[in-house]
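Undergrad: fold the following, please.
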Amino acid sequence: MNATHRKTWILALLIGASAAATADTVVSTGFEGLTLNPFSSATELGKGDGTDWTDALPAGWSMRYDGPIGNPVEFRGWRVMDVDSWIATEGNQDRATWTRGGVGARGSVLVADGDAYDDGTNIDTGLFNTYAQTPPVALDGVLPGSVGISFDSFWRNEVTQMGRLEVSYDGGAHFETLKTYNSALLPDGQVIDEHVEMTVNNPGTGTMVFQFAYTDASNDWWWAIDNVQVTAVTVPEPSVMALGLLGLGALLVSRRR
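TA: Residues are numbered from 1 along each chain as shown. Below you'll find the predicted structure:
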């Protein structure tokens, strides 16, 4: 290797070292630590232990519900549920088979349950649609195509309900579907208990948000999620030392020429 090639190689190493990428966790929740209320609707009364549910999602999360307004309010859209209370109020129906949701003494999870809501409000015609969104993720300084999401998922299938993980890069004006549970393509009653991981094709500027959409549900079953984590690979600004080394390397190369 001649002197010019050696100095160019050193310069390339310095540039690479100055822009070392690191993976950061930008969203992380197991839906624990929230204040849970006792069941109070007629269909749920007396079935929990007094720390049963809440419609208050973790900081930065949001929820929308579209459908008939009625009771039980405990299941009107995405709700954080104590797992044992959720199992008890619905008489199990395979809810207790989830191997991943909750921590410790089962803990809390995020639940959308059209079957439970239909116990008090008929949704066979005016269907149950609900959407939960993560906090927005800032993308400035994030490596394009590097954002990853993982979560534990528990789905019991029945037509006509649909489940979709979606992402938006424009403030929610448009959503791209990343994963679908399509009830038309699955056997009725099928339970899917899985850990989901994927990387998305994010840009390197702006913001993005993930959305869990549970839609077109009548007296169907449920979708529950837990342990949501979003990571992003960021490229830090070069340090003062790195900038100095870069300048020195550039000077050496230019003098050789």
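Undergrad: any weak-confidence spans in the stretch 1-150 of the chain?
TA: The stretch 1-150 of the chain contains residues with pLDDT under 70 at 1-20, 103-106.
Undergrad: do the same with the stretch 151-257 of the chain
TA: For the stretch 151-257 of the chain (pLDDT under 70), the answer is 237-257.
Undergrad: can you give me the helices for the stretch 101-250 of the chain?
TA: 114-117, 240-256 (DSSP state H, counting those that start in this stretch).
Undergrad: return the residues in contact with the residue lying closest to residue 64 once chain neighbours are set aside.
TA: Nearest non-adjacent residue to residue 64, counting by CB to CB, 6 or more residues apart in numbering: residue 131, 4.7 Å away. Every C-beta, even on glycine, is put in place using the N, C-alpha and C of the backbone. The contact partners of residue 131, by CB atoms under 8 Å, 6 or more residues apart in numbering, come to 63-65, 78, 211-214.
Undergrad: again, 10 Å this time
TA: For residue 131, the contact set (CB atoms under 10 Å, 6 or more residues apart in numbering) comprises 62-66, 77-78, 112, 164, 166, 172, 175, 211-215.
Undergrad: whichever of the residues you listed end up buried, select them in ChimeraX.
TA: In ChimeraX, a selection of the buried entries from those looks like this (16 or more other CB atoms under 10 Å):
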select :63,65,77,78,112,164,166,175,211,212,213,214,215
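Undergrad: which of the contacts of residue 131 fall in strands?
TA: 62-66, 112, 164, 166, 211-215 (DSSP state E).
Undergrad: could you redo those residues as a markdown table and give each row distance to residue 50?
TA: Converted to a markdown table, the ones in strands among the contacts of residue 131 look like this (distance: CB to CB, whole Å):
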| residue | distance to residue 50 |
| --- | --- |
| 62 | 27 |
| 63 | 23 |
| 64 | 28 |
| 65 | 25 |
| 66 | 30 |
| 112 | 23 |
| 164 | 34 |
| 166 | 35 |
| 211 | 32 |
| 212 | 27 |
| 213 | 31 |
| 214 | 27 |
| 215 | 32 |
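Undergrad: what sits against the closest residue to residue 222 other than its chain neighbours?
TA: Spatial nearest neighbour of residue 222, chain neighbours left out: residue 113 (4.1 Å); criterion: CB to CB, 6+ apart. By CB under 10 Å, 6+ apart, the residues touching residue 113 are 72, 74-75, 77-79, 81, 86, 89-90, 95, 119, 128, 130, 156, 214, 217, 220-224.
Undergrad: mind checking which of those land in strands?
TA: Per DSSP E, the contacts of residue 113 map to strands at 79, 81, 128, 130, 156, 214, 217, 222-224.
Undergrad: how close does the residue nearest to residue 64 sit to residue 215?
TA: 8 Å (CB to CB, to the nearest Å).
Undergrad: where do the contact lists of these two overlap?
TA: In contact with both residue 131 and residue 215: 66, 112, 164, using CB under 10 Å, 6+ apart.
Undergrad: distance to residue 42 for those - can I get that in JSON lines?
TA: Below are the shared contacts of residue 131 and residue 215 laid out as JSON lines (distance: CB to CB, whole Å):
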{"residue": "66", "distance to residue 42": "24"}
{"residue": "112", "distance to residue 42": "21"}
{"residue": "164", "distance to residue 42": "32"}
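Undergrad: so which of these is the closest to residue 54?
TA: residue 112 (14.3 Å; CB to CB).
Undergrad: what about the closest one, distance to residue 171?
TA: Per CB to CB, residue 112 is found 23 Å from residue 171.
Undergrad: over to residue 24?
TA: From residue 24 to residue 171 the distance is 22 Å (CB to CB).
Undergrad: and if you look at residue 83?
TA: Applying CB to CB to residue 83 and residue 171 gives a distance of 33 Å.
Undergrad: do residue 80 as well
TA: For residue 80 relative to residue 171 (CB to CB), the value is 25 Å.
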